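>>> quick one, what's the 3D model for this:
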Amino acid sequence: MKIVILCGGLGTRLKEETEFRPKPMVHIGNRPILWHIMKIYAHYGFKDFVLALGYKGDMIKEYFQNYELMNNDVTIELGKPENRIIHQNHGEVGWRVTLANTGQHALKGARLKQAERYINGDEFMMTYGDGVGNINIPALLEFHRNHGKIATITGTIPTSRFGELSIQENNTASFIEKPRSGSLVNGGFFVFNKAIFNYLTDDDNCDLEYGILEKLSQEGQIKVYRHDGFWACMDTFRDMEHLNKLWDEKKAEWKIW
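Numbering: from 1, shown residues only. The predicted structure is shown next:
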């Protein structure tokens, strides 16, 4: 099964980093967040990726073009470059990565439509290039197949950016650091039937959330898979720092591999 990852946006709210690189290439630890997302899927055996590229997409191409050289031990015989030997010792063997140029200014729906030519099954998965979580992918797929609708969205409850302060009648305060809010949000990690493409166009202005998903919702063609575990997105510089802190402190709950 193919996994489409949207990698083409400008990431304007993370301009401190995205001025120099596409958001999916911003690092958590010593790896791009894109790598972390792909590892979540690969943990469950899903290793066939289609990356919908746009802004600074060449950097993502270069990353995967040089992946074997940069992530393995290498023996080089000087003067005889053809004798280079790569000693396989990374954990991403078997990943198949299609790098699809989907335009500099296309919205999400248009990028997904352009990825259609690489989808060869009746269903596929899709997510954004900036969100991680300990999603149970097989359970998500089972949920989708059981309801028979066109689309499944993973709904999750994000952690609040602020601590929660509760004041009792005597002005005694109790404090909960960064609690989870009570409302489900769109956490990405979609499953779609190929019928989704009948709703999309390759016009750059074809969005996904505004218009397409709204229409599918009105037609009763969307179900929500509730994920009660960890989920976070890298939307701002503060988010990036938070995810890196979790990684450095070995509290990265999305690290299921």
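
>>> at which residues are the helices of the chain located?
Using DSSP state H, the helices found in the chain span residues 15-18, 33-43, 57-65, 67-71, 108-114, 137-147, 214-218, 237-248.

>>> need these in TSV (columns: distance to G94, mean neighbour count and mean pLDDT).
Glycine gets a C-beta too; all of them are placed from N, C-alpha and C. As requested, the helices of the chain are arranged in TSV below (distance: least, CB to CB, whole Å; neighbours: other CB atoms under 10 Å; pLDDT from 0 to 100):
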stretch	distance to G94	mean neighbour count	mean pLDDT
helix 15-18	30	15	87
helix 33-43	8	21	98
helix 57-65	14	17	96
helix 67-71	13	13	93
helix 108-114	25	24	96
helix 137-147	16	15	96
helix 214-218	33	13	92
helix 237-248	24	16	95
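
>>> which one of the ones you listed lies closest to Y199?
Shortest distance between Y199 and the helices of the chain, using CB to CB, is found for helix 214-218: 6.4 Å.

>>> can you list the helices of the chain in JSON lines and add distance to W257?
Shown next, in JSON lines, are the helices of the chain (distance: least, CB to CB, whole Å):
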{"stretch": "helix 15-18", "distance to W257": "24"}
{"stretch": "helix 33-43", "distance to W257": "4"}
{"stretch": "helix 57-65", "distance to W257": "18"}
{"stretch": "helix 67-71", "distance to W257": "15"}
{"stretch": "helix 108-114", "distance to W257": "26"}
{"stretch": "helix 137-147", "distance to W257": "12"}
{"stretch": "helix 214-218", "distance to W257": "32"}
{"stretch": "helix 237-248", "distance to W257": "13"}
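
>>> what's the closest of these to D202?
Of all the helices of the chain, helix 108-114 comes closest under CB to CB, at 4.7 Å.

>>> I'd guessed Y63 sits against H27; true?
No: counting by CB atoms under 8 Å, Y63 stays clear of H27, with 11.3 Å between them.

>>> just for the stretch 101-250 of the chain, where's the confidence low?
Counting by pLDDT under 70, the stretch 101-250 of the chain contains low-confidence residues at 160-182.

>>> how many neighbours does the residue lying closest to Q114 once chain neighbours are set aside have?
Distances taken as CB to CB, 6 or more residues apart in numbering put T102 closest to Q114, at 4.4 Å, once the chain neighbours are dropped. T102 is flanked by 23 other residues according to other CB atoms under 10 Å.

>>> of all the helices of the chain, which lies closest to G129?
Comparing the helices of the chain by CB to CB, helix 33-43 comes nearest, at 5.6 Å.

>>> now the angle between helix 57-65 and the closest one, please.
Computed by axes from the mean of the first three to the mean of the last three CA atoms, to 10 degrees, the angle separating helix 33-43 from helix 57-65 equals 50 degrees.

>>> not counting helix 33-43 itself, show me its contacts.
The contact list for helix 33-43 (CB atoms under 8 Å, 6 or more residues apart in numbering) reads 3, 5, 7, 23-28, 47, 49, 51, 60, 92, 95, 125, 127, 129-135, 137, 234, 243, 254-257.

>>> show me which of these are buried.
By neighbour count, with 16 or more other CB atoms under 10 Å, the contacts of helix 33-43 hold 3, 5, 7, 23-28, 47, 49, 51, 60, 92, 95, 125, 127, 129-133, 135, 137, 234, 243, 254-256 as buried.

>>> among those residues, name the ones in strands.
If you go by DSSP state E, these have 3, 5, 7, 27-28, 49, 51, 125, 127, 131-133 in strands.

>>> and the furthest pair within those residues?
So, those by CB to CB: farthest apart are H27 and M125, at 24.0 Å.

>>> isn't I85 right up against N72?
No: with contact defined as CB under 8 Å, I85 does not count as touching N72 (9.7 Å).

>>> show me the beta-bridge partners of the closest residue to F192 other than its chain neighbours.
Nearest residue to F192 in three dimensions, chain neighbours excluded: A151, at 5.4 Å (CB to CB, 6+ apart). Per DSSP bridges, the residues bridged to A151 are F192, I222.
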